[in-house]
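Colleague: generate a structure from the sequence data that follows.
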Amino acid sequence: MVSRKRPTDDMFTQGLNLHKWVKSHYRRHMEHVVDSTLVQTTRDQSPDVKKMWDVAIGELLEMGILCTQDSPSNRPTMLDAADDLDRLKRYLSGDTTATFASSLGISSSTISDD
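Modeller: Now for the predicted structure:
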C-alpha cells in the first residue's frame, strides 16, 4: 500500500519480489519505494507533520517487511500487527501516549536477511 506496487508488477523478475525490493531500499532510500502521491501529500506541511508522516511510513514499511517474511514462524501474529496499527493510528491522531515500544519488536535487528 505504501509503494503502490503489486506483487505481480513486471519489475519483479529473476527472483526479485516486492518484499525484497522494499527491504533493499527502506533504510537508506525510502523515497525509492514510497508512492509519489504520499510524498506530495506532505510537501506543504509543517516540519513536525512531515516528521510524523516519515515515522509512520517507516513503521508501515517495516511492518510490511515483517509480515511478508518467507518463513511464517518469523511473521508477527495478526493480533500483534493489529496492535501496532492501532498504536500508529493513535500516534498520527496526536495521542502523546502512543509509543513505538512495538508489540512486533520492529527494528532492523528483527528483520531477517533472507
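Colleague: residue 93: what's it in contact with?
Modeller: Residue 93 makes no contacts at all, as judged by Cβ atoms under 8 Å, 6 or more residues apart in numbering. In short, each C-beta sits where N, CA and C put it, glycine included.
Colleague: phi, psi for the nearest residue to residue 18 once chain neighbours are set aside please.
Modeller: Excluding its sequence neighbours, the residue lying closest to residue 18 (Cβ to Cβ, 6 or more residues apart in numbering) is residue 7, at 4.7 Å. Main-chain torsions, residue 7, degrees, to the nearest 10: phi -60, psi -20.
Colleague: burial count for residue 7?
Modeller: By other Cβ atoms under 10 Å, 9 other residues sit near residue 7.
Colleague: and the pLDDT for it?
Modeller: Residue 7 carries a pLDDT value of 86.
Colleague: how much space separates it from residue 82?
Modeller: 22 Å (Cβ to Cβ, to the nearest Å).
Colleague: does the residue nearest to residue 18 touch residue 16 like I think?
Modeller: No: here residue 7 does not reach residue 16: they are 11.0 Å apart, not a contact under Cβ atoms under 8 Å.
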